[in-house]
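*Asks:* everything below, folded, please.
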Amino acid sequence: MIRDDIELTTRHPSGVGFVPAHCQRGSLLGLHELTVLVHGYNVSEWQATDKWLTTAGNLRTLNGVPKGTVHLARFYWPGDHPWTARSKLSYFRKLPVAAEAGWSLATLLASSVRANDRLEIQFVGHSLGCKVVLEAAARLHGNTRVDVRNVLLMAAAVPEGLCETPRLYHVRTAATQSVLWSREDKTLRRVFRIGQLVARRFGEPPPGRNRQAVGLTGGPRFNGRWDRRPRCNLDHKDYWVKDAAIREISMVLGALPARVVDENQPLTHEPDEWKANERTTDRVHNIRFRSS
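*Replies:* Below is the predicted model:
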């Protein structure tokens with residue numbers, strides 16, 4: 001059974017600004033496993049929620065189902081701005097915010113584990129949310145109470161050079177780490193390097209010669225950084241809802257073992273019987289109203 005009744009956030013209630021990570025819905029206390037979903041840059045809370053409602057519904061209707069209860073937590077971080085024009089042009093300012101969100105998320109997860117207990121964590125990130133994931137996993141590396149079992153990066157807006165020795169993300173911080181990448185990603189192919197160039201002028205670490213996005217190349221390829229690097233043909237906005245991404249997320253959850261996944265066949269879906277609960281639906285509508 002998949003439960004997605006936990007919401008974590010570092011977003012200020014006003015929609016602008018950063019607050020320490022905390023639960024805004026549900027609780028982490030007493031959990032022994034958790035899969036955390038992290039959205040990307042220039043995504044509002046209601047936009048992320050809309051995508052994740054579809055993700056959860058698609059995961060529930062797969063033929064393969066995870067054993068026992070799987071807990072999904074949605075992590076919202078301030079990667080956007082209520083003003084559309086400002087939000088689109090603020091990429092270089094959001095990289096340090098993504099790093100801080102990852103640190104704060106790691107602190108929250110570590111503090112939620114009771115003495116003499118353990119928590120197994122799986123992270124699924126998209127776009128600049130992959131930087132949040134890498135930072136959180138790095139902060140949790142070596143923690144005796146939190147075990148990062150899986151990391152899945154989708155359309156990762158992270159330079160592949162930063163994942164090479166001796167740079168920022170070269171250390172393996174999870175038992176299994178995978179990247180889902182696509183050469184059809186127009187966002188990463190056309191504007192990513194421009195955004196990174198501006199960001200470096202404001203203090204972002206240089207990636208060396210390999211400056212293309214991990215989500216565009218699947219790299220680095222030759223240093224064993226990734227356990228799996230499946231290629232897909234998705235555009236940047238297609239992740240979270242398309243079959244190729246649902247397959248990979250389901251493997252993280254244990255619903256579809258890697259050995260039985262046929263990437264050439266569409267997933268079989270049954271009628272979606274799951275409905276968003278009233279509280280979630282109301283909150284999404286309220287967020288839309290405030291953002292309009």
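
*Asks:* how about Ala244, what does it touch?
*Replies:* Each residue near Ala244 by CB atoms under 8 Å, 6 or more residues apart in numbering is listed here: Leu180, Pro230, Cys232, Asn233, Leu234, Glu263. Every C-beta, even on glycine, is put in place using the N, C-alpha and C of the backbone.

*Asks:* select only the buried ones of these in PyMOL?
*Replies:* With 16 or more other CB atoms under 10 Å as the burial test, the buried ones among the contacts of Ala244 are selected in PyMOL as follows:
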select buried, resi 180+230+232+234
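
*Asks:* and the contacts of Ala244, which two are furthest apart?
*Replies:* Leu234 and Glu263 (12.1 Å; CB to CB).

*Asks:* before we move on, back to that, in a markdown table: the contacts of Ala244, plus secondary structure.
*Replies:* Below are these laid out as a markdown table (DSSP: H, G, I helix; E, B strand; the rest coil):
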| residue | secondary structure |
| --- | --- |
| Leu180 | strand |
| Pro230 | coil |
| Cys232 | strand |
| Asn233 | coil |
| Leu234 | coil |
| Glu263 | coil |
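
*Asks:* does Ile121 count as helix, strand or coil?
*Replies:* Three-state secondary structure (criterion: three-state DSSP) places Ile121 in strand.

*Asks:* how many residues are close by Ser178?
*Replies:* The number of residues packed near Ser178 is 21, by other CB atoms under 10 Å.

*Asks:* can you identify the element that follows the helix or strand it falls within toward the C-terminus?
*Replies:* With the criterion set as DSSP states H and E, the secondary-structure element containing Ser178 is strand 176-182. Taking DSSP H and E as the definition, the helix or strand that follows strand 176-182 towards the C-terminus is helix 186-190.

*Asks:* redo the contacts of Ala244 as a markdown table? Include distance to Asn42.
*Replies:* Below are the contacts of Ala244 laid out as a markdown table (distance: CB to CB, whole Å):
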| residue | distance to Asn42 |
| --- | --- |
| Leu180 | 20 |
| Pro230 | 25 |
| Cys232 | 22 |
| Asn233 | 23 |
| Leu234 | 18 |
| Glu263 | 29 |
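
*Asks:* re the thing from before, tell me what the strand holding Ser178 is packed against?
*Replies:* Using 3 or more CB pairs under 8 Å, 6 or more residues apart in numbering; DSSP states H and E as the contact definition, the elements that strand 176-182 packs against are strand 146-154, helix 214-217, strand 231-232, helix 243-253.

*Asks:* and the closest residue in space to Arg139 that isn't next to it in sequence, what does it touch?
*Replies:* Computed as CB to CB, 6 or more residues apart in numbering, the closest residue to Arg139 that is not its neighbour in sequence is Ala106, at 3.5 Å. With contacts taken as CB under 8 Å, 6+ apart, Ala106 has the following neighbours: Glu135, Ala136, Ala137, Arg139, Leu140.

*Asks:* average pLDDT for whichever strand or helix holds the first one?
*Replies:* Taking DSSP H and E as the definition, Glu135 sits inside helix 129-140. This predicted structure assigns helix 129-140 an average pLDDT of 98.
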